[in-house]
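> here you go, sequence then predicted model.
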Amino acid sequence: MLQVLLNGAVLGAVYALIALGLTMVFSIMRVVNFAHGQMYMLGAFVVYYIYGQFGWSFWVALPAAALVLALVGVLFNRFFFQPVLATSAREENSMLMAVGTALLLENLALTLFGEKQRGVPSVVDGAFILGDVAEGGAVLPYPNALVALLAVLAIVALLLFVQYTRPGRALRAVAQDKEAARLQGVDVKATTTLGFAIGAALAGVAGGLLVTVYGVNSGVGTNISTKAFIMVMVGGAGVTSGAIVGGVLLGFAEAIGYDLLPGSVTYLLIFVAMIVFLVFKPNGLFGKPWG
Amino acid sequence: MQPPQPHRPAMPAPQRRDAVVVTVFMAALLVLPLVLGPSRYMLSVLMNCAGLSLVAFGVWITFSIGRINICQAGFALIGGYAMAILLSRWGVNFWLALPLAALVAGIAGGLIGAFILKLKGIYFAMLTICLTEAIRLAFLNGGDFTQGSHGITGLPQPFAGDSALPMYYLAVGLLALGLLVTWRVHYSRLGRIFRAMRLNEDLAESFGTHVWRYRVLAFSIACGLGGLGGAYFAVFTQSVYPQSFTVEHSIYYMLFCFLGGLEFVSGALLGAFALTILFELLSQFQQFQTLIYGVLMIVVILLLPNGLMSIGMRNEGNKP
């Protein structure tokens, strides 16, 4: 059981990072970024090429993934989402734009990188052995521990950024009330762009971290997006704490489920549990009624 | 002296445009095989278009109550499996199995909708994605009953002989039925209630509309149409698998509605035909097909936010 809990904790930390990115874009722009999973996939490919193929350091590859995805986020925001949000009153249009960008990224990746599953060498070798493995102990490989540690660090850094810096406070202000933020002198357009860039970068970092453990392929995006939706809905759309709690909950549910059941049954049960949960708590654990 | 004639208001411009497009479209579908000859390939493309439009009508109806439906593929899957089980396991007559399959999907939609339709906006949209996946996984893990990933194959064809024409006219007939249902729903008192609910549910409720009941009704009709489309595809391809209808398919149905135009019944029809035929024309560039879908989706939203049917009409923004 200790092993299952450890696996759950590692997954939960990275899932929380994925959900944070999605919830950030939603809270600031009221756009569900369907391409979040594809951004995760791109981040994984950046690390795969820089670290796995060109042989540069992982510590160069990971920030590069964040930067590349932040740039993708800025471009998407500037050329796709801002024009739609400016001209269309329909919520559906921005959502469909997000679906279009997801299809675009996924198929670009498919064309450029093919369908093959790709992995990278371990960043660190070895494992923590906790107790006697044969008698309920657990093994925590160093790469998994590193991934969890970096994910937690990224989450803490983001929380400190939005809590204590000026642009971070502007992000929170825009998320709460755009008009009031504008009246207080916040550059809403620049802040929105920053929010989208950070959301995309978080997806890229998560992809860059998990590629070291699970590898990557071009088709992983939809799966990751669906997981991100579950986490965000359970926690409450647009709520930071909700995304973290949703991520951790899904991580543990997945680890425990995979230990007891076949993978697809686990996900069937997770979906059913989530649907039943939302029937009683339509705005998630900490969410507001966005409508 | 003649008694005064009851005053009939002229058809509003969007409805007139809708009526013209639907009439021309259906007439063209009826005579095309007679003009172009019974080319099996051409007929199969048109049959595919007709089936896809039928499923897309359901998405369109859900839009009309202000919900974004990304689970239509799940209900097409329910209809497809219901048809396959009724035909191949229980030996039910084809003409009875077809409406039964639609009914099963409609009832399933109503039962699920009764719980999930209180969710709105992005919550509902995200939930419907998960619902499609949940339905697919349920069929995948259905054991002998659904035959897991192998699906159910070798379904009997309803018509004997080599000609594809009877199947083609069945597709056109089902499409006409779907159009009739959607038309009746949209251009009637029911449609006005749906549009009122889309604009402001609370207001509609305060004027005495039983919002919950109409939401469930709309969703049941939508899922029933999806189920009918799924049943048709199960017979058309003589098989149904858990992968026959996925989230990606649901997204395509949405794109059909958007491309055609959400204010027009014929929007889903036009969108499905235009995109499916375009997809077919691009089949030689198979690796770029879905990439083009993505690009097209972005271009449509940026340049044609009200869809093909709105070209040349005064932009009425968000008016229902």
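Yep, it's here. Numbers count the residues shown, from 1 in each chain, chains lettered A, B, ... in the order given.
> residues near residue 252, how many?
Since no chain was named, I'll use chain A. Using other CB atoms under 10 Å in any protein chain shown, A:Phe252 has 18 other residues around it. For glycine as for every other residue, the C-beta is placed from the backbone atoms N, C-alpha and C.
> my bad, the chain I had in mind was chain B
Close neighbours of B:Tyr252, defined as other CB under 10 Å, add up to 26.
> write out the residues of the stretch 101-250 of chain A neighbouring chain B.
Within reach of chain B by CB under 8 Å from any CB of the partner chain, the stretch 101-250 of chain A has these residues: A:101-108, A:110-111, A:222, A:226, A:229-230, A:232-233, A:237.
> which is the next helix or strand following the helix or strand harbouring B:Ala84?
Under the criterion of DSSP states H and E, B:Ala84 resides in helix B:72-84. Next helix or strand after helix B:72-84 toward the C-terminus (DSSP H and E): helix B:94-116.
> quick one: is that next one near chain A?
Yes: contact between helix B:94-116 and chain A is present through B:115-116 (criterion: CB under 8 Å from any CB).
> now do the contacts for the residue of the stretch 101-250 of chain A found nearest chain B.
At 3.2 Å from chain B, A:Leu103 is the closest residue in the stretch 101-250 of chain A, using CB to the nearest CB. For A:Leu103, the contacting residues are B:251, B:290-291, B:293-294, B:297, by CB atoms under 8 Å, 6 or more residues apart in numbering or on different chains.
> swap in 7 Å and give it another go.
B:290, B:293-294, B:297 (CB atoms under 7 Å, 6 or more residues apart in numbering or on different chains).
> what about the helix or strand in which it is found, distance to the chain center?
Assigned by DSSP H and E, A:Leu103 falls within helix A:91-113. Going by CA atoms, centre = their mean, to the nearest Å, the spacing between the C-alpha centre of helix A:91-113 and its chain's C-alpha centre is 16 Å.
> returning to that earlier point: and the helix holding B:Ala84, how far from the chain's centre?
How far helix B:72-84 lies from its chain's middle: 12 Å, per CA atoms, centre = their mean.
> who does it touch, helix- and strand-wise?
Under the contact criterion of 3 or more CB pairs under 7 Å, 6 or more residues apart in numbering or on different chains; DSSP states H and E, helix B:72-84 touches helix B:40-64, helix B:94-116, helix B:121-140, helix B:211-236, strand B:239-240, helix B:247-260.
> dump those to TSV, plus mean pLDDT.
As requested, the helices and strands packed on helix B:72-84 are arranged in TSV below (pLDDT from 0 to 100):
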stretch	mean pLDDT
helix B:40-64	91
helix B:94-116	94
helix B:121-140	90
helix B:211-236	94
strand B:239-240	93
helix B:247-260	88
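> sorry, back to before: so which of the contacts of A:Leu103 wins on neighbours?
Highest neighbour count within the contacts of A:Leu103, by other CB under 10 Å: B:Met297, with 26 neighbours.
> ok, that one touching A:Gly100?
Yes: using CB atoms under 7 Å, B:Met297 and A:Gly100 qualify as a contacting pair, with a distance of 3.2 Å.
> quick one on the thing from earlier: do you know which of the helices and strands packed on helix B:72-84 lies nearest B:Gly161?
Closest to B:Gly161 of the helices and strands packed on helix B:72-84, according to CB to CB: helix B:40-64, at 12.9 Å.
> on that earlier part again, what's the pLDDT at the residue of the stretch 101-250 of chain A closest to chain B?
Among the per-residue scores, A:Leu103 shows a pLDDT of 87.
> do B:Glu316 as well
50.
> got it, and A:Val124?
Looking at A:Val124, its pLDDT is 85.
> show me what contacts it?
Contacts for A:Val124 (CB under 7 Å, 6+ apart) come out as A:142-143, A:146.
> show me what from chain B comes close to chain A.
Taking CB under 7 Å from any CB of the partner chain as the criterion, chain B approaches chain A at residues B:68, B:115-116, B:118-123, B:125-127, B:129-131, B:133-134, B:137-138, B:140-141, B:247, B:251, B:254, B:258, B:287-288, B:290-291, B:293-295, B:297-298, B:301-302, B:305, B:317-318.
> which of those are buried?
Neighbour counting with 16 or more other CB atoms under 10 Å in any protein chain shown marks B:68, B:116, B:119-123, B:125-127, B:129-131, B:133-134, B:137-138, B:140-141, B:247, B:251, B:254, B:258, B:290-291, B:293-295, B:297-298, B:301-302, B:305 as buried within those.
> re earlier: tell me the mean pLDDT for the helix holding B:Ala84?
The predicted confidence, averaged over helix B:72-84, sits at 96.
> which residues sit in contact with residue 259?
No chain specified, so I'll use chain A. The contact partners of A:Asp259, taken as CB under 7 Å, 6+ apart, are A:Val4.
> was after chain B, sorry
Applying CB under 7 Å, 6+ apart as the definition, the contact partners of B:Leu259 turn out to be B:271, B:274-275, B:300, B:307-308.
> format the residues you listed as TSV; extra columns: secondary structure and pLDDT.
TSV is the format used below for the contacts of B:Leu259 (DSSP: H, G, I helix; E, B strand; the rest coil; pLDDT from 0 to 100):
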residue	secondary structure	pLDDT
B:Gly271	helix	91
B:Ala274	helix	91
B:Leu275	helix	89
B:Val300	helix	82
B:Gly307	coil	80
B:Leu308	helix	83
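> counting neighbours, which of those residues comes out on top?
Each of the contacts of B:Leu259 was scored by neighbours using other CB under 10 Å; the highest score is B:Gly271's, at 30 neighbours.
> got phi/psi on A:Leu261?
Backbone dihedrals for A:Leu261, given as degrees, to the nearest 10, come out at phi -130, psi 160.
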